[in-house]
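In: Give me a 3D structure for the following:
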Amino acid sequence: MLLGLGNVPTLETPLFFLALITYSMSIIGNILIVVLVVSQRHLHTPMYFLGNLSSLETCYSCTILPQLLASFLTGDKAISAHGCVAQLYFFGSFAGTECHLLAAMSYDQYLAICQPLLYASLMTWKVCLQLVAASWLVGMLVSAVVTVFLSQLKFCGPKTIDHFFCDLTPLLELSCSDTSMVTLPSIILSFLSVVFHFLFMLASYVYIIAAILRILSSVGREKAFSTCSSHLTVVTTFYCTLLIVYVLPRTALLRQLNKVFSFFYTVLTPLVNPLIYSLRNREVRDALRKALRKAKACTQGAQ
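Out: Numbers count the residues shown, from 1 in each chain. As a prediction, this is how the structure comes out:
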């Protein structure tokens, strides 16, 4: 039984409409970006990463929001044991993939700013494909390892999860066996997946900022900064909420705050991330205008 965001019936209706609107906009927006990247040849590189980010955020939304919307609408907060484990696996897989994908995108930004003459030869379509494939594969493998260890635990306590989705920490609180066999591998894998990639991105941006400051032209500095500012915004938002959710102790006072930040990065982040990239990218905006003009012309021709 998922307890949800709290026993506040008056908030369930506005939260339902907020989640429904966000989910609808997220799915439509991300699918539109994927279609644009696939259909427009000039967006294939380096927008290949943006298309995968939008695909990832679409899957991310579909893992949690349909169950949450159904619980708001029907009041039924029950979830099967297998469904709970499946939700945990896919959520962990997509979150891990996003960490790796954002690191790959920071490497792309580093090459574009610090090695502009070698960028075309280093960041080829094949390299993009390898980085993306590795991101998805490692994310799925890490989540699979944690899920397998979790399935070995015994659960004999209350069948209530103090959260609105099946996350690892609330599930471990329900176990009556030794959870160190799960927590230790989780900490090691989280360090490799989250902390290592965060440090990698931090080092990349140290070099990027140093390279931008060496540009003599103010126009050149502004152009270079605008190239990486969208990625930096997404990384900061994603990692700040992630650290707040998983580093803060789950005391009674902070538990509701934990749910709020979890709601933010599981519901709003899939909508915000691709929008930040697309709205700040001139090529994507131009491709969207062309697609809208083409659709309008087709509509008028059919009439």
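In: use CA for all of it now, contacts and neighbours both
Out: OK.
In: any weak-confidence spans in the stretch 101-250 of the chain?
Out: Scanning the stretch 101-250 of the chain for pLDDT under 70 picks out 157, 227, 248-250.
In: Which neighbouring elements make contact with the helix or strand where residue 14 lies?
Out: Counting by DSSP states H and E, the element that carries residue 14 is helix 9-39. Helices and strands touching helix 9-39, as assessed by 3 or more Cα pairs under 8 Å, 6 or more residues apart in numbering; DSSP states H and E, comprise helix 48-74, helix 269-279, helix 282-302.
In: Tell me which residues of the longest one come out buried.
Out: Read it as helix 48-74. If you call a residue buried by 16 or more other Cα atoms under 10 Å, then helix 48-74 has these buried ones: 48-61, 63-65, 67-69, 71-72.
In: Can you work out which other helices and strands pack against that helix?
Out: With 3+ Cα pairs under 8 Å, 6+ apart as the test, helix 48-74 has helix 9-39, helix 81-114, helix 125-150, helix 269-279 packed against it.
In: Run through the residues that contact the residue nearest to residue 94 when sequence neighbours are not counted.
Out: If the residues on either side of it in the chain are set aside, residue 94 comes closest to residue 60, at 6.1 Å by Cα to Cα, 6 or more residues apart in numbering. Applying Cα atoms under 8 Å, 6 or more residues apart in numbering to residue 60 gives the contacts 90, 91, 94, 95, 266, 270.
In: before we move on, what about residue 215?
Out: For residue 215, the contacting residues are residue 221, taking Cα under 8 Å, 6+ apart as the criterion.
In: Can you give me the distance of it to residue 109?
Out: The gap separating residue 215 from residue 109 is 16 Å, by Cα to Cα, to the nearest Å.
In: How about residue 139?
Out: Computed with Cα to Cα, the distance linking residue 139 and residue 109 is 22 Å.
In: With residue 57 instead?
Out: 21 Å.
In: returning to what we had before: among the helices and strands packed on helix 9-39, where is the model least confident on average?
Out: The stretch with the lowest average pLDDT out of these is helix 282-302, scoring a mean of 67.
In: where along the stretch 151-300 of the chain do the helices fall?
Out: Shown for the stretch 151-300 of the chain, the helices assigned by DSSP state H, counting those that start in this stretch span residues 168-172, 180-190, 196-213, 218-247, 252-263, 269-279, 282-302.
In: hey, which of those is tucked in deepest?
Out: helix 269-279 (a mean of 20; mean count of other Cα atoms under 10 Å).
In: And residue 2, its phi and psi?
Out: When quoted as degrees, to the nearest 10, the phi and psi of residue 2 stand at phi -90, psi 120.
In: right, and it touches residue 165 too?
Out: Yes. Taking Cα atoms under 8 Å as the definition, residue 2 is a contact partner of residue 165 at 6.7 Å.
In: Those two - which one has more neighbours?
Out: For residue 2 against residue 165, the residue with the higher neighbour count under other Cα atoms under 10 Å is residue 165, and the figures read 29 against 19.
In: sorry, back to before: show me which pair in the contacts of residue 60 is furthest apart.
Out: By the measure Cα to Cα, 90 and 270 form the most distant pair in the contacts of residue 60, at 14.8 Å.
In: any idea how far residue 155 is from residue 216?
Out: 63 Å.
In: Repeat that for residue 86.
Out: For residue 86, the distance to residue 155 - Cα to Cα - is 17 Å.
In: cool, and residue 198?
Out: Using Cα to Cα, one obtains 34 Å as the distance from residue 198 to residue 155.
In: my read: residue 105 touches residue 51, true?
Out: No. Residue 105 is not in contact with residue 51 according to Cα under 8 Å; the separation is 11.8 Å.
In: follow-up on the earlier one: quick one: buried residues of the helix holding residue 14?
Out: Neighbour counts over helix 9-39 (16+ other Cα under 10 Å) mark 12, 16, 19-20, 22-23, 26-27, 29-31, 33-34, 36-37 as buried.
In: where does it sit relative to the chain's centre, distance-wise?
Out: Between the centre of helix 9-39 and the centre of its chain there are 14 Å (Cα atoms, centre = their mean, to the nearest Å).
In: So for that helix, mean pLDDT?
Out: Confidence over helix 9-39, taken as the mean pLDDT, stands at 81.
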